[in-house]
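*Asks:* sharing a model that was predicted from the sequence below.
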Amino acid sequence: MPVEFTHVPGKSSDDAVPFFYDLAATATKLGLIEDGGFRKIVVDDPAGLLTNMDIAAQVLDRTASLEVVLTHWAGVIEPTVAARQLASIDSKSGGRLALRMISEPLNDDDAESRPVGHTVIWQRIDEYLVLLKRLWSNERPFDHEGAFYSIRGGYIERKGPHGADLTIRMGGQSGTALKVAGRHADVFELAPGSIDEVRRLMERVRGAAAEHGRAGRLRFALPVRIHRGAAATGHKAADLSGPPAQVALSLLAYAGLGIDEFMIVGVDTPREIVTAGRETIALLRNSLARREHDAFQPGAYPPRDGAETWAAG
């Protein structure tokens, strides 16, 4: 499967208009993103989950092929309501929706009845996702009584085109987070880091997914921030600056680890979007295609180690 690119709108400063709030500018940018080689766009607005769902529906209406990665978290709306709304958005888009689950602290009401902690948050996410999948696949109403949710006659009539196979994206580094991600995630969003750090995290995630027989279906996404000037000192290796060719070469090393997707942050103006698509994305795709072609030529020597060979490229 070829490497894909996802656009991640930057977080706006207080005096700037958020990415999705200027309708005319947003329409122009979405067209450039779609034409520039990006396959997906992340919706993660500071206004919260309900705003994210509204923006996701609007973006899907205004684009033809761009997939929307909708940032979502448990605890704001009930699973039955969320399952119905998400299925409706996915249906209207023709199946171009993915769900990006992140952890959020429990609210004050929850804190009064149970201790708030990292493990509790991920336990709730786990139960929430189990219920969403049941609601997207069940043929008759069901009851559920769990630690966080109580459902009577749970059923939604109109399922989305993917049913319970709607793409779920997750991240995290703790053992608890990886355990839940191993059970549910189709795409795992890695933490930026050096080649060795990213490789070790990928191995841990695959191990967690293997416990559920899912290691083979897991894909990996790596966030990458592209700077217009010099990158700040002390930042991770996936914090890049320099000419497009230099950025593309740096990403080759990570692609050699088996990463399927780069989540590009820091290209928000029309000029930056066009440059990233025309130069960085195009250069990286051409380099990957050339290396794949060369690897299958008669008489080619097999690489000693995929990641090191690509990193040396």
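*Replies:* Right, received. Where do you want to start?
*Asks:* residues contacting the nearest residue to residue 142 once chain neighbours are set aside?
*Replies:* Take residue 142 and drop its neighbours on the chain: the residue closest to it by CB to CB, 6 or more residues apart in numbering is residue 154, 5.1 Å away. (Each C-beta comes from the backbone N, C-alpha and C, glycine too.) Neighbouring residues of residue 154 by CB atoms under 8 Å, 6 or more residues apart in numbering: 79-80, 131, 134-135, 138, 141-144.
*Asks:* from these, list just the buried residues.
*Replies:* 79-80, 131, 134-135, 144 (16 or more other CB atoms under 10 Å).
*Asks:* save those residues as TSV, and put in distance to residue 97 and pLDDT too.
*Replies:* Below are those laid out as TSV (distance: CB to CB, whole Å; pLDDT from 0 to 100):
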residue	distance to residue 97	pLDDT
79	17	97
80	18	97
131	18	98
134	18	97
135	15	97
144	24	97
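*Asks:* ok, so of these, who is nearest residue 177?
*Replies:* Taking CB to CB as the measure, residue 177 lies nearest residue 131 of the buried ones among the contacts of residue 154, at 19.1 Å.
*Asks:* does that closest one really touch residue 74, like I thought?
*Replies:* No: using CB atoms under 8 Å, residue 131 is not in contact with residue 74, being 9.6 Å away.
*Asks:* what is the one helix or strand residue 121 maps to packed up against?
*Replies:* Element membership of residue 121 [criterion: DSSP states H and E] is helix 118-137. Judged by 3 or more CB pairs under 8 Å, 6 or more residues apart in numbering; DSSP states H and E, the packing partners of helix 118-137 are helix 79-93, strand 142-145, strand 150-154, helix 175-184.
*Asks:* same thing but at 7 Å, please
*Replies:* Packing contacts for helix 118-137, counted by 3 or more CB pairs under 7 Å, 6 or more residues apart in numbering; DSSP states H and E, involve helix 79-93, helix 175-184.
*Asks:* where do the strands sit along the protein?
*Replies:* For the chain, strands defined by DSSP state E occupy the ranges 4-8, 40-43, 67-72, 97-101, 142-145, 150-154, 168-171, 187-189, 219-227, 239-241, 261-265.
*Asks:* and these, which one averages the lowest pLDDT?
*Replies:* Comparing mean pLDDT across these, the weakest is strand 239-241, with a mean of 80.
*Asks:* direction included, what does that one pair up with?
*Replies:* strand 219-227 (parallel) (DSSP bridges).
*Asks:* starting at the chain centroid, how far to the partner strand?
*Replies:* Computed by CA atoms, centre = their mean, to the nearest Å, the chain-centroid distance of strand 219-227 equals 10 Å.
*Asks:* with stretch 75-88 instead?
*Replies:* The chain centre lies 19 Å from the centre of stretch 75-88; the measure is CA atoms, centre = their mean.
*Asks:* other residues contacting it?
*Replies:* 49, 53, 97, 99, 104, 106-107, 124, 128, 131-132, 135-136, 149, 151, 154, 156, 158-160 (CB atoms under 7 Å, 6 or more residues apart in numbering).
*Asks:* can you pull the buried residues of that stretch?
*Replies:* Per 16+ other CB under 10 Å, stretch 75-88 contains these buried residues: 75, 79-80, 82-87.
*Asks:* same check on stretch 195-208?
*Replies:* So stretch 195-208, judged by 16+ other CB under 10 Å, has buried residues 195, 198-199, 201-202, 204-206, 208.
*Asks:* can you check stretch 18-27 too?
*Replies:* For stretch 18-27, by 16+ other CB under 10 Å, it's 18-20, 26.
*Asks:* from those residues, which has minimum pLDDT?
*Replies:* residue 18 (81).
*Asks:* phi and psi next, for that residue.
*Replies:* Dihedral angles of residue 18 (phi, psi; degrees, to the nearest 10) stand at phi -60, psi 150.
*Asks:* gap between it and residue 261?
*Replies:* Distance, residue 18 to residue 261, by CB to CB, to the nearest Å: 24 Å.
*Asks:* farthest-apart pair in the buried residues of stretch 195-208, please.
*Replies:* So, those by CB to CB: farthest apart are 195 and 208, at 20.9 Å.
*Asks:* so residue 166 touches residue 99, yeah?
*Replies:* Yes: Residue 166 sits in contact with residue 99 when judged by CB atoms under 7 Å, with a separation of 6.0 Å.
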